[in-house]
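1. Please find the sequence and the predicted model below.
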Amino acid sequence: MKRVVITGASGFIGANLTRRLLREGHEAHLLLRSTHQPWRLEEILDDVQCHETALEDRETVSRTIHAIRPDWVFNLAAYGAYPSQTGIERMVSTNFLGCAELVDTCTQVGVEAFVQTGSSSEYGYKDHAAREDERVQPNSDYAITKVAATHYCQLAAHLHGLNIVTVRLYSIYGPYEEPTRLIPTLISYGTRGQFPPLVSPGIARDFVHVDDAVEAILQVATMKPARGVVYNVCSGTQSRLDLVVATVRKHMNIAAEPVWGSMQPRAWDTDTWVGSPDLMAQQVGWRSKLDLEAGLRLTIDWFKTNSKWRNFYRDRISQV
């Protein structure tokens with residue numbers, strides 16, 4: 001059993017990671033803002049220990065981490081990944097300063113592993129599968145703050161000998177994802193035999209099911225990689241939007257036809273977005289196990305068999 005701190009545990013990936021840690025018998029401590037969204041955690045609150053703090057609050061973070069003395073720390077706290085999350089000040093505060101405060105405190109306490117979650121947007125737009133040794137060209141305010149956090153983690157790892165690993169996440173999907181994201185929106189509309197408004201069918205992403213992503217995060221915590229190393233959490237295969245729609249349509253028996261171009265393109269839409277999984281495979285032994293069809297099928301089954309969450313997503317999406 002490990003004593004574990006998770007930031008961002010009320011978010012999509014954090015909630016899945018916390019559930020996995022609990023199933024394996026670890027002691028989970030969640031650092032949560034007073035304004036966090038509680039809906040993903042309500043079912044497991046009796047099994048975790050919650051600590052109300054903002055990461056950029058140096059004194060509270062230091063006091064909390066010193067009291068817990070964790071073995072593992074997973075920093076999944078982030079702001080700016082969704083279109084509704086705007087404002088460079090909050091992004092800097094959460095993504096960079098919050099990360100720096102946490103790293104500094106963990107340097108004082110000493111931890112077995114510190115896993116920082118980065119973003120594929122740190123690479124910017126590429127015409128090929130991005131590798132970890134490439135020059136980063138962040139394509140948004142959010143991406144800039146994530147790059148800064150990656151560099152801070154690498155510096156701290158080298159200066160203080162802290163075992164810090166950054167995992168750059170690509171397009172993660174699965175249970176408890178934000179209702180406004182592509183996959184839950186498609187499935188929620190699909191339960192009514194419909195499709196949501198859609199952009200161009202050629203938009204592409206490198207999709208990874210959340211179970212695979214959580215496995216990757218845990219594997220880098222349990223091994224001893226080079227300090228400050230960065231790994232891509234990606235499948236190495238990009239999937240176009242028309243393939244995603246066709247797969248959901250097949251498994252949900254949707255009779256309606258998708259209407260392409262019924263939604264305005266977004267600033268980040270591109271027909272090339274894919275990472276290279278080779279370094280992670282070679283040094284960690286991790287590759288995504290679920291291809292797109294298998295992952296979507298699992299996600300659709302989760303919706304179909306959980307009426308509480310199916311209704312919750314329908315209600316949330318209808319309010320948008």
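-> Great, that's in hand. Numbers count the residues shown, from 1 in each chain.
2. now the chain, which segments are flagged as low pLDDT?
-> Scanning the chain for pLDDT under 70 picks out 318-320.
3. Using the record's domain definitions, break it down for me.
-> Following automatic domain parsing, one gets these domains for the chain: 3-170+209-233, 173-205+239-272+290-318.
4. Can you list the residue ranges for helices in the stretch 151-300 of the chain?
-> 182-190, 210-222, 241-252, 278-283, 292-305 (DSSP state H, counting those that start in this stretch).
5. sorry, back to before: can you tell me which of the domains of the chain is packed in deepest?
-> Most buried of the domains of the chain, by mean neighbour count (mean count of other C-beta atoms under 10 Å): domain 3-170+209-233, with a mean of 19. Bear in mind the C-beta positions are built from the backbone N, C-alpha and C, glycine included.
6. just how off-centre is that domain within its chain?
-> 9 Å (C-alpha atoms, centre = their mean, to the nearest Å).
7. again, but for stretch 162-171
-> Worked out by C-alpha atoms, centre = their mean, stretch 162-171 lies 11 Å from the chain centre.
8. now do the same end-to-end measure for that stretch.
-> By C-alpha to C-alpha, to the nearest Å, the extent of stretch 162-171 from end to end equals 28 Å.
9. which residues touch Pro38?
-> Taking C-beta atoms under 8 Å, 6 or more residues apart in numbering as the criterion, Pro38 is in contact with Ser10.
10. So it: helix, strand or coil?
-> Of the three states, Pro38 takes coil according to DSSP: H, G, I helix; E, B strand; the rest coil.
11. looking at it, Asp206 is touching Ile172, isn't it?
-> No - when contacts are counted by C-beta atoms under 8 Å, Asp206 is not listed as touching Ile172 (9.9 Å).
12. who's more crowded, those two?
-> Asp206 (27 against 24; other C-beta atoms under 10 Å).
13. Break down this structure into its strands, ranges please.
-> Listed in chain order, the strands of the chain (DSSP state E) span 3-7, 27-32, 49-52, 72-75, 113-119, 164-169, 171-173, 204-205, 207-209, 230-233, 239-240.
14. For Ala281, which of the domains of the chain is the nearest?
-> domain 3-170+209-233 (9.7 Å; C-beta to C-beta).
15. picking that back up, which of the domains of the chain sits closest to Asp278?
-> Judged by C-beta to C-beta, the one of these that comes nearest to Asp278 is domain 3-170+209-233, at 7.5 Å.
16. In a markdown table, list the strands of the chain along with distance to Thr18.
-> What follows is the strands of the chain, written out as a markdown table (distance: least, C-beta to C-beta, whole Å):
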| stretch | distance to Thr18 |
| --- | --- |
| strand 3-7 | 6 |
| strand 27-32 | 6 |
| strand 49-52 | 11 |
| strand 72-75 | 9 |
| strand 113-119 | 14 |
| strand 164-169 | 16 |
| strand 171-173 | 15 |
| strand 204-205 | 25 |
| strand 207-209 | 17 |
| strand 230-233 | 17 |
| strand 239-240 | 28 |
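17. Asp301: which of those strands is closest?
-> Proximity to Asp301 (C-beta to C-beta) singles out strand 207-209 among the strands of the chain, at 12.2 Å.
18. Show me what that closest one is in contact with.
-> With C-beta under 8 Å, 6+ apart, strand 207-209 has contacts from 169-174, 233-235, 239, 244, 288, 290, 292, 294-295, 298-299.
19. Repeat that for stretch 128-146.
-> Contacts for stretch 128-146 (C-beta under 8 Å, 6+ apart): 78-81, 85, 88, 91-92, 94-96, 118-126, 147, 150, 168, 229-232, 234, 236, 268, 272, 274-276, 278-279.
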